[in-house]
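A.B. asks: Prediction below, plus the sequence it came from.
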Amino acid sequence: MTAPSSLQSPKPTALTKKDFESDQTVRWCPGCGDFAILAAVQKTLPTLGIPRENFAFISGIGCSSRFPYYVDTYGMHTIHGRAPAIASGLKISRPDLEVWVATGDGDGLSIGGNHLIHAIRRNVGLKIVLFNNRIYGLTKGQFSPTSVLGQKTKSTPYGNIDSPFNPLSVALGAEGTFVARAIDTDAKQLSEVLTRAATHKGTAFIEVLQNCVVFNDGAFDALKDKDTKADAQLPLEHGKPMLFGKEKNKGIRWNVKTFQPEVVQLGVDGVKIEDILVHDEHAESPALAFMLSRMGAPNFPTPIGVFRAVQTRPAYEESVVDMEKRTTEKLGEGSFDKLFSAGAETWQVR
Amino acid sequence: MTAPSSLQSPKPTALTKKDFESDQTVRWCPGCGDFAILAAVQKTLPTLGIPRENFAFISGIGCSSRFPYYVDTYGMHTIHGRAPAIASGLKISRPDLEVWVATGDGDGLSIGGNHLIHAIRRNVGLKIVLFNNRIYGLTKGQFSPTSVLGQKTKSTPYGNIDSPFNPLSVALGAEGTFVARAIDTDAKQLSEVLTRAATHKGTAFIEVLQNCVVFNDGAFDALKDKDTKADAQLPLEHGKPMLFGKEKNKGIRWNVKTFQPEVVQLGVDGVKIEDILVHDEHAESPALAFMLSRMGAPNFPTPIGVFRAVQTRPAYEESVVDMEKRTTEKLGEGSFDKLFSAGAETWQVR
Amino acid sequence: METKAAPKSSPHELESVTIRFAGDSGDGVQLVGTQFMKSSAMGGNVLSTLPDFPAEIRAPAGTPAGVSGFQIQLGSKDVYTPGDQPDVLVAFNPAALKANLADLRKGGTVICNRDAFTEKNLQLAGYPANPLLDGTLNGYQVFDIEIGKHTAAALADLGMSSKDVARCKNYFALGLMFWVYGRDPEPETKSIRTKFAKKEPVVAESNIRALQAGYTYGENAEMMVRYHVPSATIAPGRYRHITGNQATALGLAAAAKLAGRRLFLGSYPITPASEILHELSALKNHQVTTFQAEDEIAGVTSSIGAAFGGAIAATNTSGPGLALKSEGISLALMLELPLVIIDVQRGGPSTGLPTKTEQSDLLFAMYGRHGEAPLPILCAWTPADCFDTAIEAVRLATKYMTPVLMLTDGYLSLGAEPWRIPETDKLPKIEVKFRTEKEGFQPYQRDPKTLARPWAIPGTPGLEHRIGGLEKDALTGNISYDALNHEKMIKVRAEKVANIANDIPDLKVEGDQSGDLLVVGWGSTYGFIASAVKQARAKGKKVSHAHFRHLNPFPKNTEKVLKSFKKVLIPEMNSGQLHALLRQEFFLQATGMNKVQGKPFKVGELLAKIQEMC
Amino acid sequence: METKAAPKSSPHELESVTIRFAGDSGDGVQLVGTQFMKSSAMGGNVLSTLPDFPAEIRAPAGTPAGVSGFQIQLGSKDVYTPGDQPDVLVAFNPAALKANLADLRKGGTVICNRDAFTEKNLQLAGYPANPLLDGTLNGYQVFDIEIGKHTAAALADLGMSSKDVARCKNYFALGLMFWVYGRDPEPETKSIRTKFAKKEPVVAESNIRALQAGYTYGENAEMMVRYHVPSATIAPGRYRHITGNQATALGLAAAAKLAGRRLFLGSYPITPASEILHELSALKNHQVTTFQAEDEIAGVTSSIGAAFGGAIAATNTSGPGLALKSEGISLALMLELPLVIIDVQRGGPSTGLPTKTEQSDLLFAMYGRHGEAPLPILCAWTPADCFDTAIEAVRLATKYMTPVLMLTDGYLSLGAEPWRIPETDKLPKIEVKFRTEKEGFQPYQRDPKTLARPWAIPGTPGLEHRIGGLEKDALTGNISYDALNHEKMIKVRAEKVANIANDIPDLKVEGDQSGDLLVVGWGSTYGFIASAVKQARAKGKKVSHAHFRHLNPFPKNTEKVLKSFKKVLIPEMNSGQLHALLRQEFFLQATGMNKVQGKPFKVGELLAKIQEMC
Ligand SMILES: Cc1ncc(C[n+]2csc(CCOP(=O)(O)OP(=O)(O)O)c2C)c(N)n1
Ligand SMILES: Cc1ncc(C[n+]2csc(CCOP(=O)(O)OP(=O)(O)O)c2C)c(N)n1
Ligand code: SF4
Ligand code: SF4
Ligand SMILES: [Mg+2]
Ligand SMILES: [Mg+2]
């Protein structure tokens, strides 16, 4: 079904960030990382060449899920955890729309974990942005499934004993075709990832590390701090060796024996650039991306960027359309007549 | 809380399979793979040296979820998809019990997917046996999240377009500490895996490939057929090179360039036994196990056995007990008095 | 096969008869039943059918637990139910006899396959001795026929395996029944040819021969008696056999076609609602999307997404699934998006009795959401009526921008009757208009008459807006924490639903408009109550019948109708849920009649109660 | 700090007074409020308090949206609510004045911090001009005090940063209020020392000095008037301040201790129920397990698992979460395992008004499950009463082997009052006996009196058995598809719950046992109705008050009570849900009074209605 209206819509005139700002006052805490993500999205959308009315933002419940109210497109602030399912229904019945999901680590991975992995498995063409602040913000500070061990929160006064999910490992284990990580405050890298996600066919899953100034302040400081950043981050670039550090002289080598990556330094112990693993977003197997998803402090830098981006299977809505086309070719366009006798014998009474 | 009764229980006398057979008539279709799994479990339990009354089998809804009725231990046939959550509550409050979960590909991966991955993440000491017949049996044959693409089922008369989960990838993406695969009809290997699971601390997740004779007959024939079996299966053995084939002359080699496994033949093109990947159940990183979980027909043999078995983190219920102990040491044994003034100022009115 | 001349003796005339076919899952019982039904319908009878499946997928062959059944009542008028008790039992094996004999009318007829009464089968059935010989069947009219042997004889020269020959037994039985009830076997012969057209010719041939052999057997067997059930007056037209779940599916698809929109069904399989998904999933050439979601929550919420996008959205389930959908339905209600939720009620609570029927979700439908969350509720009366009810549900949902709950049940889901295929131009109109006008657009500005808000779908330039589950400003739809706005919204949501009373037909009384007793029902008890009331009226009782289609809001004349009778009887397959609602809303003093046994009332039970009361 | 001699002029005597403290989130308003409450309680007053938090986590500082409040009513008797309207408003900044002035009683007192009325703050608050100067406060008694300046002066020699100095302002205000209401500052001084014992000594010192400065200021400022609220008769004992959520948590923990079992709470955070989880999660040395589950479904189902294992199991939530728990509760009901479900009601439907109070889940509690699924429902009346209600819920759940629903609400959750810590030996008994006897064990054999089945927990040798959600044989608990067994089970489950009427106190009438008007309520409206009825009776009205704790089953004398009055008024914070139940069960003709504004009734509103009716 194509919206009759979207057919009528004129060629998109040049849109600007302003066009994507709604009239609602943004109500996050001053200093919240959500502001930066909002700005990045509002800046990215007009660059995509898509009419504003063709976007729909769907969210669940949480601070992060207030997102749709602030973006001047179609939007739905739904119920806790269900955004991927609602968005799936919308995208499947309206493949002409660009459907984005804004969710949190609680909304998307706790109560909504199942819908998230099923959307990813089906490869529904959704752009899912998961705001990971490792805490339940809106309900004032309980731990989430990404909170770290030992974290003291409202519901773990003596420290958290739930070991966390790694959102990217979850997405890859669920057959993700586009899996990426970004940081709220790194506007450029975030915008790049958003742009890449926008053009991906199928589910694009992006974890954005987001600071909650009130209930989990500084969770990602090591990754953001000017001094530690270069050593703490591993920026992923397709086709490029995995190098990091201020001098870009550290790298990731694969140890076949231990079947583990290891951090090495170029030039030390005879390490050459050819020894360094080369990033391949398009690897058919998710094994490389999965291995990367396991890397992080304290022994490894944290990879940032696109872990995996493959078009090995059709987007779900494409399969739906295709199946309809093939069936219609075989059975003919449906009519009331065909409908009423579907799969049944009929007889005439005179 | 320890069951007062289990303290009184005498040394377990030698139990037999018969002791684990309940008086209920088994009501699966003749030829259903569930029978073999039931037999394997009933044969394994008495070998564990655990009193019968300390077992509890918890299931959801499905043909497979009828399991608890047939095992003469404590049991609960609950509601669709919720078994891992119910079992978690039981195990956490009663760490003295052996809590097993019987679930299906629909029960455990469709409606119950979230509880499954959260139980695995927390590493609750449950033995989860997922009967994967790639179909909804009890509701008479709709596709499940493990049904293959193109599969014709009651709800996909023109073929399935939902690409499936790989249950082991899901479990590994969810931080699984014990992840294994077995086949309903291979009693010996199944019993081995069950025994291993029984002694694992934390969540043990076992996918059992199970034939549904009525709605998805023969789904695993290639793996079971005498003629094709040796080439189709890769039996995993810890510390052993990954060899397979009738002559055990085929093996898995890691191609660092493509970051992919490849099938090679010993002796051909100079392939030596040292080139073959050695299985390591205990690898700290799940990357190896994940890579193995991706292998299967048509390009690879399907690995069978224990993919991963690590004790890198405590079982959840151990952490609970430990936290209680530490808190009690710090704050003293709780009393009504302490309870009523918990976290509050009090004053006296005379 | 030639149709034979008039029978030797003229047939006994019957106003109606109830026949049950029973056998092992493999015996083709459902097929015989359906074909017999079809020929009866073509023969001009009115009828109603109900299959009976074993609770287990495939219980051990030959055991009573594995027996499947098909019951049909046919008659020359007033057949509204598949019949209280079979007059005739056709049993394909000892287990079928064992499982069904108790239901047979005393003095009824047993037709069975003598060949199947082997030592082994008797044992599987749990018969210590052969019931054909030991007096078990005393008091019944028994025809034990060597169906296997006769069939084999008829197919002797076709060179078939004995297994394949055995498969044709059911057509022998059908042929025999054709003879007994004076049906023309010709159309069936044709139908067999069509059905097996793609198979080896021998398949059609063997089944036709078996049919013929059965027919001939009846003709030649001295002992058999023929019956004639005279034709009823049936509206001319094209007919098909339809179950409640089929009718629901077609109703939804037709409604979407009428609205000119795509149908989206977000669903999760559950007994006894799954067939709605199955039916619709075959309609991929009809602008129908079926989405088998990961659970019921995703079933309803994906439908909400589709509704936001402009589809005719529906979700189907049964009790446990409805429980899971509660939060989602509440969201739809707050968003004021059209959505049809179908609850095929089954025995509860919890997993309960999944394959059994019950009407115990009415109060749950009414109050099953947190907060003040009213929505329209309607129910279907008969299998075919599910079609009209589904269309009405879509009409209300789209006209009033609201989720609508439609209740059917396990009995309706599988129960079936002939359905006259409607002329397209006689179908109700469903007008769906999307807002496109930018000027003055406010997401929650209401149509002054229906109180519906505009449906403005994504893709419409200039109408970009956000909606959500938090309380909303009465005009803009923006979040509002304002106290009086909340109260206003609570009231307007209630008023919108209450207003629908102006848009639905009055409660109709069948029988006199006042009298001694009014029997009030809702849903699938319709046929049972209608039959009982007709019978009581025939006996001179001043009893009438009123049946609710709309349960929220109730029709405007409800109180007037209820209070026009001296007494009111409310039979329900629950503990008194409609009763509770009527008491609450109209201070109605009534008598409840409650059966919670997982099965429909018997007409006889109802009749007895009516007679007791007036 | 020395306590001063008698004040210059003798204080005005007040029977009760309502004070609201308001300020920015950072102003320490909650602290001032609580400490003032404590000293009032120690001073012998009865009181009730209610905080008011901004809807957003941390709305922009200085804006009305960011204002937090704390209201207290104290008196010498009959204080059941935090007060309809403040008599005194203590506003720490212009935004606080702006957000709260409209609520202040005409002629009431405004005490504010003049220093905060800067250009910038006025602008943030949305005041075009300074309300202290432009006549906005005409008609009020205004004390605009340079709190900042005075505090700074008092702390001048402590060498603190101005930011740290500013933090002490709240203690200045507290000191001032102590002077006005004649409180002894000494205990507070001690309390400050204890509270900040682990910090730098300057912290305690500065706050004590600020307190003292405030007190002294009152004494010296000519214009200030003193008030005296005489002591009430308060039962002697140890007291604490307790909110409804705290009381619920402690009630559950105490009940488990009384039963000698572990408490297991399966929970998922949700406003306004989360504090129950927070409180209990701190009790790890009390045999309390808190499990923050992945969602509400896992919250309730993990509790079911724990109940199977022998724990005292509970799960807490609010509306949307209760919706998600419906299927699980239905399972618990079928399994007949003890379980307490706490619903802290908030504004619905859907996400609704999460931070606002409402009573709109009663019918959902009653009918919110598919099938025939009755369970006991009870509710708490006041914050401290949540303690007793929780114990009663556990008592019923374990005695009758059933899930029990306990309703509180947003008002109770945060509302607070002094609570007399009970003597352990005065607490109710909760006897829990696990079955251990093998002989004759049948999982569904019932105690003939309570109809409860035995609780036989895993680990007990010889009692191995299986239970499940399918209908069960009435004795063995094995799956049963039998029609009459199902009906029997439906009835016995209902009877078990209905029987509880024999085990609960009669509905009590406050006031005369018959008369012109009975005001009937349930839950958190208790205090409001009680106050209004007392006031009306004082005016000579023949009005009484009956308040339900038990909503299912109703107490046995309910009908008798209801019908002893000429008229019945049912005020509810919903559209009439108790009203509907009473109409349905007792054919009660009553008048509903419904307020669905996310906030409690005012005593004045109720009084007016009572006066209108009699
Ligand atoms: C069904 C339901 N359960 C619980 C809640 C309460 N709730 C609202 S948001 C939230 C968690 C939010 O955490 P997250 O998704 O991480 O978002 P954040 O606020 O951190 O951005 C919870 C538990 C709810 N609204 N609905
Ligand atoms: C809430 C709920 N939804 C749906 C159902 C219906 N249902 C029962 S079992 C099942 C699927 C079973 O599939 P699987 O778990 O693979 O088990 P199998 O029968 O194949 O062993 C479904 C959908 C139900 N009982 N409850
Ligand atoms: S609570 Fe945390 S996540 Fe929520 S708005 Fe405030 S800073 Fe952001
Ligand atoms: S339907 Fe399939 S899975 Fe179920 S019992 Fe039969 S063979 Fe087994
Ligand atoms: Mg978060
Ligand atoms: Mg299955």
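C.D. replies: Okay, I see it. Numbering: from 1, shown residues only, chains lettered A, B, ... in the order given. Ligands and ions are numbered 1, 2, ... in the order given.
A.B. asks: use CA for all of it now, contacts and neighbours both
C.D. replies: OK.
A.B. asks: surely A:I183 meets A:E192?
C.D. replies: No - judged on C-alpha atoms under 8 Å, A:I183 makes no contact with A:E192 at a distance of 11.5 Å.
A.B. asks: what about those two, which has more around it?
C.D. replies: Legend: neighbour count by other C-alpha atoms under 10 Å in any protein chain shown for A:I183 and A:E192, higher for A:I183 (24 against 16).
A.B. asks: Contacts only, for the closest residue to chain A within chain C.
C.D. replies: Relative to chain A, the nearest point of chain C is C:S302 (3.9 Å; C-alpha to the nearest C-alpha). C:S302 is in contact with A:85-90, C:266, C:293, counting by C-alpha atoms under 8 Å, 6 or more residues apart in numbering or on different chains.
A.B. asks: So which bits of the helix or strand it falls within are buried?
C.D. replies: Assessed by DSSP states H and E, C:S302 sits inside helix C:296-308. Under the neighbour-count criterion of 16 or more other C-alpha atoms under 10 Å in any protein chain shown, helix C:296-308 has C:296-308 buried.
A.B. asks: which among the contacts of C:S302 gets closest to B:Y316?
C.D. replies: A:A85 (30.1 Å; C-alpha to C-alpha).
A.B. asks: Run through the strands of the stretch 251-350 of chain A in chain order.
C.D. replies: Secondary structure of the stretch 251-350 of chain A by DSSP state E, counting those that start in this stretch: the strands cover A:260-265, A:302-309, A:346-349.
A.B. asks: Present the ones you listed as a markdown table; the columns should include mean pLDDT, mean neighbour count and distance to D:R167.
C.D. replies: Listed next are the strands of the stretch 251-350 of chain A as a markdown table, based on pLDDT from 0 to 100; neighbours: other C-alpha atoms under 10 Å in any protein chain shown; distance: least, C-alpha to C-alpha, whole Å:
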| stretch | mean pLDDT | mean neighbour count | distance to D:R167 |
| --- | --- | --- | --- |
| strand A:260-265 | 96 | 18 | 49 |
| strand A:302-309 | 98 | 25 | 40 |
| strand A:346-349 | 90 | 16 | 84 |
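A.B. asks: Give me the pLDDT value at residue 342.
C.D. replies: Going with chain A. A:A342 carries a pLDDT value of 82.
A.B. asks: I was thinking of chain C, sorry if that wasn't clear
C.D. replies: So, for C:I342, pLDDT stands at 98.
A.B. asks: so it bridges to which residues?
C.D. replies: Note on C:I342: beta-bridge partners by DSSP bridges are C:N316, C:M406.
A.B. asks: give the contact list for it.
C.D. replies: Contacts of C:I342 (C-alpha under 8 Å, 6+ apart): C:314-318, C:405-408.
A.B. asks: Name the member of those residues with the most neighbours.
C.D. replies: C:T408 (33 neighbours).
A.B. asks: Tell me the predicted confidence for that residue.
C.D. replies: Here the pLDDT value assigned to C:T408 is 98.
A.B. asks: My read is that C:F364 contacts D:H370, right?
C.D. replies: Yes - using C-alpha under 8 Å, C:F364 makes contact with D:H370 at a distance of 5.8 Å.
A.B. asks: which of the two has more neighbours?
C.D. replies: For C:F364 versus D:H370, neighbours defined as other C-alpha under 10 Å are more numerous around D:H370 (31 against 24).
A.B. asks: OK, contacts around the more buried one?
C.D. replies: D:H370 touches C:319-320, C:322-323, C:348-350, C:360-361, C:364, D:327, D:330, counting by C-alpha under 8 Å, 6+ apart.
A.B. asks: Kindly report the same for C:L470.
C.D. replies: C:334, C:479-480, D:350-353.
A.B. asks: okay if I get the contacts of D:H370 as TSV plus secondary structure?
C.D. replies: Compiled in TSV, those are given as follows (DSSP: H, G, I helix; E, B strand; the rest coil):
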residue	secondary structure
C:G319	helix
C:P320	helix
C:L322	helix
C:A323	helix
C:G348	coil
C:P349	coil
C:S350	coil
C:S360	coil
C:D361	coil
C:F364	helix
D:E327	helix
D:S330	helix
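A.B. asks: Helix, strand, or coil at the residue of the stretch 51-200 of chain C found nearest ligand 6?
C.D. replies: Closest to ligand 6 within the stretch 51-200 of chain C is C:I57: 13.1 Å, counting by C-alpha to the ion. Under the three-state scheme (three-state DSSP), C:I57 adopts coil.
A.B. asks: isn't it right up against B:L138?
C.D. replies: Yes - here C:I57 reaches B:L138: they are 6.7 Å apart, a contact under C-alpha under 8 Å.
A.B. asks: More neighbours: those two, which one.
C.D. replies: Each of C:I57 and B:L138 has its neighbours counted (other C-alpha under 10 Å); B:L138 has more, 21 against 18.
A.B. asks: The more buried one belongs to a strand, doesn't it?
C.D. replies: No - per three-state DSSP, B:L138 lies outside any strand segment and is coil.
A.B. asks: quick one, phi/psi of it?
C.D. replies: Main-chain dihedrals, B:L138, degrees, to the nearest 10: phi -60, psi -40.
A.B. asks: Pull the contacting residues for it.
C.D. replies: Counting by C-alpha under 8 Å, 6+ apart, B:L138 touches B:62-63, C:57.
A.B. asks: so how far is ligand 4 from the residue in the stretch 51-200 of chain C positioned nearest to ligand 2?
C.D. replies: Ranked by C-alpha to the nearest ligand atom, the top residue of the stretch 51-200 of chain C for proximity to ligand 2 is C:I57, at 9.5 Å. To ligand 4, C:I57 is 6 Å away according to C-alpha to the nearest ligand atom, to the nearest Å.
A.B. asks: Repeat that for C:L50.
C.D. replies: 23 Å.
A.B. asks: That residue in helix, strand or coil?
C.D. replies: strand.
A.B. asks: looking at the sheet around it, what are its partners?
C.D. replies: With DSSP bridges as the rule, C:L50 is bridged to C:Q71.
A.B. asks: So which of the contacts of B:L138 is the closest to D:A197?
C.D. replies: Using C-alpha to C-alpha, the contacts of B:L138 come closest to D:A197 at B:G62, 60.2 Å.
A.B. asks: So what does residue 98 look like in phi/psi?
C.D. replies: The chain I'm using is chain A. The phi/psi pair for A:E98 (degrees, to the nearest 10) reads phi -100, psi 110.
A.B. asks: Could you check how many residues crowd around it?
C.D. replies: Neighbours of A:E98 (other C-alpha under 10 Å): 23.
A.B. asks: what comes up buried for the strand or helix carrying C:G604?
C.D. replies: For C:G604, the enclosing helix or strand under DSSP H and E is helix C:603-613. Buried residues in helix C:603-613, counting neighbours by 16+ other C-alpha under 10 Å, are found at C:603-604, C:606-607, C:610-611.
A.B. asks: Now for the residue of the stretch 51-200 of chain C closest to ligand 6: which residues touch it?
C.D. replies: B:28-29, B:138, B:140 are the contacts of C:I57 under C-alpha under 8 Å, 6+ apart.
A.B. asks: now C:A125: how far from C:A59?
C.D. replies: 12 Å (C-alpha to C-alpha, to the nearest Å).
A.B. asks: Actually, C:L582.
C.D. replies: 43 Å.
A.B. asks: same deal with A:I183?
C.D. replies: From A:I183 to C:A59 the distance is 58 Å (C-alpha to C-alpha).
A.B. asks: ok, how many other residues are close to residue 312?
C.D. replies: Since no chain was named, I'll use chain A. So A:T312, with other C-alpha under 10 Å, has 12 neighbours.
A.B. asks: nope, chain C
C.D. replies: C:I312: 30 neighbours (other C-alpha under 10 Å).
A.B. asks: Which residue, other than its chain neighbours, is closest to it?
C.D. replies: Nearest residue to C:I312, sequence neighbours excluded (C-alpha to C-alpha, 6 or more residues apart in numbering or on different chains): C:L263, at 4.8 Å.
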